[in-house]
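Asks: Compute the structure for the input listed below.
(2 chains)
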Amino acid sequence: MKAQSETVLSVDQVSVRFGGLVAVADMTFSVRAGEIVGLIGPNGAGKTTAFNVITGFLRQTSGDVRYHTTLLNGLKPHQIAKLGLVRTFQRTSVFQESSVFQNVLTGLHCRGRATLWDTLLQTARQKDSERELADHAKEILHFVGLDHRADEPAGTLPYGEQRLVGVALALAVRPSMLLLDEPVSGMNPSETARFIKLVREIRDTGVTVLLVEHDMPMVTRVCDRIVVLNYGRIIAEGTPAEIQNNQDVIRAYLGQGKKRA
Amino acid sequence: MNRFLPWLFVALLASVPLWLTDFYFLHILITTGIFIIAAMSLNLLLGYTGQLSLGHVAFFGIGAYTSALVSLGFHVDLFPGFTVTLAPQPAWFAMLCAIAVAGLTGYAIGKLAFRVRGAYFVIVSISFAEVVRLVAVNWVELTQGPMALNNIPALTLGAGAFEISFLRKPAFFILVLILGVASFIVVARLVNSRAGRAMIALRENESLAMSVGIDVTRYLVIATIISAAMAGMAGALYAHYIRIVDPDIFLFLYTVTMVIMVVTGGKGTLAGPIIGGIIFGFIPEFLRVMEIRPEVQWIIYGVLMILVVYFLPQGIVPAITHYLTSRKHRHEADVLPAASTPVPRP
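Replies: A predicted model of the protein is given here:
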């Protein structure tokens, strides 16, 4: 059933070169609405580079990225975020000094209705808008399960919870597609299990998910489809079961057959 | 109580001209007040968007020169056959011009900061201030160069029988207080809004800010415009108070004074520039009154500053807030166990 839904993100023959180094070569894949797709590969395979290109943090050397019908080439990160394509980051995922609540309020930036004049003159619209944003922030914190941490500085939270703040920030933008960069790295197994549930809940609200991850059990549990990158090239694509039995993938991760124990 | 405390402070300041008869001390209050306004404007850039502008005095000086020139009028030959003449304008109008011109320069610098950040922005801002100073020194026809612009009219509002003059110190002190409170409210409203959160986000983590759809350039430019306009207003106040403006107004020392006020008080806090401004604005005068040798005065000043920055790297205001909250928590911790473990009595 999902196979028939429309394509939302299409990456078409994208290459990225840093001088002589080819970070991504001729990458072509697409993501359909409502899918959870995993982008995996050994270290240095070009996964984060691909993310940076899709979200406008890096310009590709050649190729096109399209979201729905919009060509993303040359758009700035904040413009892409406004289209509903929102990412999280590997490490630097929160505004350290601000409270968790303030973090989410910041994420709600685009939903605020007050103009600069409203702010300076403290108009009714300014106050209404701030109240609305505070309500939204509470809802989002409740959704990701961080209500009890609302007033703490985000930088003081345990690593796993900081990842959740990062997701809450991204959700605040009201994305139609979410890109998660290694979301469970640094999480313990029970946090990971809870996170998998959260990703499914997010998808069930109508958000398409693309994630980069090293934790293979997590990827195979949560993803509908997996794309495997190695040395900047896509070497395999398919369902988790197909990928687990793919000889090229096994070779990329573990080396040649004979040496495998 | 916390809501009324700031207003109590303002009321106390407003009463100063009623009981303070020493005009020299009132003069110190006025100049310190003007520099506190400039420091508040610097805090918006340095404390909230995290951009260190070491040429902030340029906006202050541009405000002072604009206000002086518009209120004095000028006559300049731009090139043969083309002259610009301006008749003297009322001082209040000149001040508005000063705010506008300083704001416009802020816009240009903000746009430039989009390309250069961090150390490069610092260098660009210093160079900018130096260029403006050189213009003030060399464009003698307009600025009188080192001969200075003299006899700048005092500020008056209204006309005829209803004219209010700010020539005398008590009236000028009240004016500085009103504009200072207004500047404080502008900064406070701004930083507690969506725009302010965008600025703080830019300081904390620029990539993350962009990823949630914040147009960081736009908010950096807005912050620079408001900050520059406010510094320009402070400069205009200075021009109409001292009533003489020369290129020394662009001294690097003034920028340093503002930075010291912001950093010791606590950058990125609303009260920081005020506390830092009061302490480091008064210390030199206080030391002078104590009749300490001038060299020793500056040594004490420097040592005090180093001590504050060394022991309270975040500044005085964050240190006090931290102390108060931790004491409150400790207090709660002391009270709670006693209440929850009643001692059974036979």
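
Asks: mind listing what the residue nearest to A:Leu116 when sequence neighbours are not counted touches?
Replies: Distances taken as Cβ to Cβ, 6 or more residues apart in numbering or on different chains place B:Ala195 nearest to A:Leu116, at 5.9 Å, with adjacent residues excluded. All C-beta spots, glycine's among them, are computed from the backbone N, C-alpha and C. Shown in contact with B:Ala195 (Cβ atoms under 8 Å, 6 or more residues apart in numbering or on different chains): A:116, A:119, B:219, B:222.

Asks: for B:Ala195, helix, strand, or coil?
Replies: Judged by DSSP: H, G, I helix; E, B strand; the rest coil, the three-state class of B:Ala195 is helix.

Asks: swap in A:Thr28?
Replies: Applying three-state DSSP: A:Thr28 is strand.

Asks: Tell me who's in contact with it.
Replies: Residues in contact with A:Thr28 (Cβ under 8 Å, 6+ apart) are A:11-14, A:234.

Asks: Buried among those residues? Make that a ChimeraX selection.
Replies: What follows is the ChimeraX syntax for the buried subset of the contacts of A:Thr28, where burial is set by 16 or more other Cβ atoms under 10 Å in any protein chain shown:
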select /A:11,14,234
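
Asks: List just the nearest of the contacts of A:Thr28 to B:Pro153.
Replies: Closest to B:Pro153 out of the contacts of A:Thr28 is A:Val14 (65.4 Å), distances taken as Cβ to Cβ.

Asks: A:Trp117: which element?
Replies: Here A:Trp117, judged by DSSP states H and E, is contained in helix A:116-121.

Asks: CA atoms only for that helix, dumped as CSV, please.
Replies: Coordinates of each C-alpha in helix A:116-121 appear next as CSV, following Å, rounded to 0.1, in the frame of the first residue of the first chain:
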residue,chain,number,x,y,z
LEU,A,116,8.7,43.5,15.2
TRP,A,117,6.3,46.4,15.8
ASP,A,118,4.0,44.1,17.7
THR,A,119,6.9,43.2,19.9
LEU,A,120,8.1,46.8,20.5
LEU,A,121,4.6,48.1,21.2
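
Asks: Show the secondary-structure elements that whichever helix in chain B runs longest is packed against.
Replies: Counting by DSSP state H, the longest helix found in chain B is helix B:216-242. Helices and strands touching helix B:216-242, by 3 or more Cβ pairs under 8 Å, 6 or more residues apart in numbering or on different chains; DSSP states H and E, are helix B:23-43, helix B:56-72, helix B:91-113, helix B:169-191, helix B:194-204, helix B:206-211.

Asks: got those helices as TSV, with mean pLDDT columns?
Replies: Shown next, in TSV, are these (pLDDT from 0 to 100):
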stretch	mean pLDDT
helix B:23-43	92
helix B:56-72	94
helix B:91-113	91
helix B:169-191	93
helix B:194-204	93
helix B:206-211	91
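
Asks: quick one, which of these is nearest to A:Lys47?
Replies: Of the helices and strands packed on helix B:216-242, nearest to A:Lys47 by Cβ to Cβ is helix B:206-211, at 16.8 Å.

Asks: Check which residues of the closest one are buried.
Replies: Here helix B:206-211 shows B:206, B:208-211 as buried, counting by 16+ other Cβ under 10 Å.

Asks: who does it touch, helix- and strand-wise?
Replies: helix A:77-82, helix B:194-204, helix B:216-242.

Asks: cutoff 10 Å now
Replies: helix A:77-82, strand A:85-87, helix A:100-107, helix A:159-172, helix B:194-204, helix B:216-242 (3 or more Cβ pairs under 10 Å, 6 or more residues apart in numbering or on different chains; DSSP states H and E).

Asks: Need the winner for burial among the ones you listed.
Replies: With neighbours defined as mean count of other Cβ atoms under 10 Å in any protein chain shown, the helices and strands packed on helix B:206-211 peak in mean count at strand A:85-87, which reaches a mean of 28.
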